[in-house]
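A.B. asks: Build me a model from this:
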Amino acid sequence: MNGLVLESTITCPHCGHAATETMPTDACQFFYECKGCRTLLKPKPGDCCVFCSYGSVPCPPVQRRESCCAR
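C.D. replies: Model (predicted):
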């Protein structure tokens, strides 16, 4: 995985709850349910996944500068 960061902390824009999650290495994650308020998070327009929108680290495909599933 040569330098890839596989954990990202997702922070909910609704309640501020933060949780560290392990990201999939071969795909984007389109939905994430906040563990604090149970809001279903979706990527912001122009982002490929919830990690790129709300995470502390972008998803592995973006880290590798590869074509991402939504791009």
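A.B. asks: At the geometric centre of this structure, which residue do we find?
C.D. replies: Most central in the chain under Cα atoms, centre = their mean is residue 51, positioned 1.2 Å from the mean C-alpha point.
A.B. asks: That one in helix, strand or coil?
C.D. replies: helix (DSSP: H, G, I helix; E, B strand; the rest coil).
A.B. asks: do residue 24 as well
C.D. replies: Residue 24 - assigned by three-state DSSP - is coil.
A.B. asks: Likewise for residue 15?
C.D. replies: Following three-state DSSP, residue 15 is assigned to coil.
A.B. asks: Please give the element, helix or strand, for the spatially closest residue to it that is not a sequence neighbour.
C.D. replies: Take residue 15 and drop its neighbours on the chain: the residue closest to it by Cβ to Cβ, 6 or more residues apart in numbering is residue 37, 4.0 Å away. All C-beta spots, glycine's among them, are computed from the backbone N, C-alpha and C. In the assignment (DSSP states H and E), residue 37 maps to no helix and no strand.
A.B. asks: Show the contacting residues for residue 37.
C.D. replies: Residues in contact with residue 37, defined by Cβ atoms under 8 Å, 6 or more residues apart in numbering, are 12, 14-15, 17.
A.B. asks: Pull the most distant pair out of those residues.
C.D. replies: Pairwise distances across these peak at 8.5 Å for 14 and 17 (criterion: Cβ to Cβ).
A.B. asks: what do these two both touch?
C.D. replies: Joint contacts of residue 14 and residue 17 (Cβ under 8 Å, 6+ apart) are 34, 37.
A.B. asks: now the contacts of residue 37 in CSV, with neighbour count, pLDDT and distance to residue 30?
C.D. replies: Converted to CSV, the contacts of residue 37 look like this (neighbours: other Cβ atoms under 10 Å; pLDDT from 0 to 100; distance: Cβ to Cβ, whole Å):
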residue, neighbour count, pLDDT, distance to residue 30
12, 19, 98, 16
14, 11, 97, 18
15, 13, 98, 20
17, 14, 98, 19
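A.B. asks: which one of the residues you listed sits closest to residue 29?
C.D. replies: Closest to residue 29 out of the contacts of residue 37 is residue 12 (14.6 Å), distances taken as Cβ to Cβ.
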